[in-house]
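Q: Turn this into a structure:
(chains A, B, C and D)
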Protein chains: 2
Amino acid sequence: MSQEIKAVARRHLATDGADLSLRAVARDLDIVASALYRYFPSRDALLTALIIDAYDDLADAAGAAESAVPRDDLRGRWLAVCRGVRDWALAHPAEYGLIYGSPVPGYAAPEDTVEPATKVILLLAAIVADAAPPSADLPSALHDDLHRLIAGRGSTMPEDQLDRVLVAWTHLYGVLNFEVFGRLDSMIEARSDYFDHHMHLMADLAGLPT
Amino acid sequence: MSQEIKAVARRHLATDGADLSLRAVARDLDIVASALYRYFPSRDALLTALIIDAYDDLADAAGAAESAVPRDDLRGRWLAVCRGVRDWALAHPAEYGLIYGSPVPGYAAPEDTVEPATKVILLLAAIVADAAPPSADLPSALHDDLHRLIAGRGSTMPEDQLDRVLVAWTHLYGVLNFEVFGRLDSMIEARSDYFDHHMHLMADLAGLPT
DNA sequence: TCTTGTCAAGAACAGTGTTCTCGATACGCA
DNA sequence: TGCGTATCGAGAACACTGTTCTTGACAAGA
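A: From the prediction side, this is the model:
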């Protein structure tokens, strides 16, 4: 039943936009609004559930796209992940907005949402780990942050490499925010080319062989 | 009076978050909600006015920061613009979210908002215009888009150069979205260093001398 | 003095999230 | 079989929201 509620809520997100109405969802289920509170303690809780699902769904899509590419084709895997994220985002713009847009007012993302949010980063990191690390001169405070992140995961990745992963990760969602939220609208027509071009640039920056 | 309404609305945005209540604004003005409709035909119209003001305010802040740097210090001007944008965003997170977050549901940005939105891009482009253009192999469809944009403004900037401006512009708001919306929270402590590092990288990409 | 325009108030409508009480149904156990 | 209990949904209520429309007060100009 919780699954059914989430499914209808997702449908409403897709059609009506990001302002999810509990009463509308309930109407579609031939249910009164208060009955929803048997399954979700509040509207925020329902949104949180949708957010977690979206993160997982997104990571799955990216992972599936990558797994179709030979493991030694590093740049191919890189592009597959990026395009997988983009395809998912364009196919589910409202859910994308939910997780990568401005936070919903009065809604504080609970702890459950941070782990699924990192999955795409890990995907990118795993690809870069097999390439030659670029050498950059990082500010020492930033170096410490990166070191802490790496140590916290028991990894052995060089700081410079994680740095480039974060740069690419930032850029990936930078492009997608602009595209999904319509800021490229009367500006760039060749959206796929634009996106690929940016992601190639990031692959270069991360030291992936061409 | 319209100015007063906007001022109170801005204050509400800053404290209560992005869900602006007309009735609450009216209460603060010792006015009944319907009286606001003398000055703004709808809630969306008020939001639009706030959005335009925010764009202008942001561009002014960035421009002011840049003008304090000698004009031949290209990288200095570049960093000044980027930091100016960041400082403004961190000082006005709700207004930043209004203009660079997910679009408000049911709200379509009117035509009036596209011109002020390009001001920061022009600031960056003016700096890069004085540097040596990098040469990239752009996809031809993207080349056409860039050519159209340049011709539409009567400019003579090489396509490769505008390309790098757009890359940097994308990255700038990519980093800021993550920082302002809290996605860096238990991840990067040295936010300023992190930001500067990213913007230096973009300056490199744009061919600015060190 | 009469008219016109500007402003705000107030009621009304349809919608929202949330809480509470109440009744119905079904399950396990003596 | 009968009883107690737990689960579920209905429905009313509360405090909100944006928006529209009517009404009335006030001031300026002819």
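
Q: Within range of DNA strand C, give me the residues from chain A.
A: Where chain A comes near DNA strand C, counting by C-beta under 7 Å from any atom of the strand, the residues are A:20-24, A:33-34, A:37, A:41-44. Glycine gets a C-beta too; all of them are placed from N, C-alpha and C.

Q: Identify the residues contacting A:Ala190.
A: B:139, B:141-142, B:144-145 (C-beta atoms under 8 Å, 6 or more residues apart in numbering or on different chains).

Q: Give me the below-cutoff pLDDT ranges for chain A.
A: Applying pLDDT under 70 to chain A picks out residues A:104-111.

Q: tell me, which helix in chain A spans the most residues?
A: helix A:43-67 (DSSP state H).

Q: For the next helix or strand along the chain from it, list every residue counted as buried.
A: Downstream of helix A:43-67, the first helix or strand assigned by DSSP states H and E is helix A:74-91. Of all the residues in helix A:74-91, those buried under the rule 16 or more other C-beta atoms under 10 Å in any protein chain shown are A:74-86, A:88-89.

Q: Restrict helix A:74-91 to CA atoms and write it as PDB.
A: Output in PDB follows, covering the C-alpha atoms of helix A:74-91 (Å, rounded to 0.1, in the frame of the first residue of the first chain):
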ATOM      1  CA  LEU A  74      37.500   4.000 -19.000                       C
ATOM      2  CA  ARG A  75      36.200   7.000 -21.000                       C
ATOM      3  CA  GLY A  76      33.300   4.900 -22.300                       C
ATOM      4  CA  ARG A  77      32.300   4.000 -18.800                       C
ATOM      5  CA  TRP A  78      32.600   7.600 -17.700                       C
ATOM      6  CA  LEU A  79      30.400   8.800 -20.500                       C
ATOM      7  CA  ALA A  80      27.900   6.000 -19.900                       C
ATOM      8  CA  VAL A  81      27.500   7.100 -16.200                       C
ATOM      9  CA  CYS A  82      27.100  10.700 -17.100                       C
ATOM     10  CA  ARG A  83      24.600  10.000 -19.900                       C
ATOM     11  CA  GLY A  84      22.800   7.600 -17.700                       C
ATOM     12  CA  VAL A  85      22.300  10.300 -15.100                       C
ATOM     13  CA  ARG A  86      21.200  12.800 -17.800                       C
ATOM     14  CA  ASP A  87      18.800  10.400 -19.400                       C
ATOM     15  CA  TRP A  88      17.200   9.600 -16.000                       C
ATOM     16  CA  ALA A  89      17.000  13.300 -15.200                       C
ATOM     17  CA  LEU A  90      15.300  14.200 -18.400                       C
ATOM     18  CA  ALA A  91      12.900  11.300 -18.100                       C
END
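
Q: and chain A, which residues reach DNA strand D?
A: So chain A meets DNA strand D at A:1, A:30-35, A:38-39 (C-beta under 7 Å from any atom of the strand).

Q: contacting residues around the closest residue in space to A:Tyr96 that isn't next to it in sequence?
A: Spatial nearest neighbour of A:Tyr96, excluding adjacent residues (C-beta to C-beta, 6 or more residues apart in numbering or on different chains): A:Ala89 at 4.3 Å. Residues near A:Ala89 by C-beta under 8 Å, 6+ apart: A:58, A:96, A:100, A:176, A:179-180.

Q: neighbours of A:Asp163, just the number please.
A: 25 (other C-beta atoms under 10 Å in any protein chain shown).

Q: Now the phi/psi pair for it, please.
A: Taking degrees, to the nearest 10, you get phi -60, psi -50 for the backbone angles of A:Asp163.

Q: thought it was touching A:Leu146?
A: Yes - shown here, A:Asp163 and A:Leu146 form a contact pair, counting by C-beta atoms under 8 Å, at 6.0 Å.
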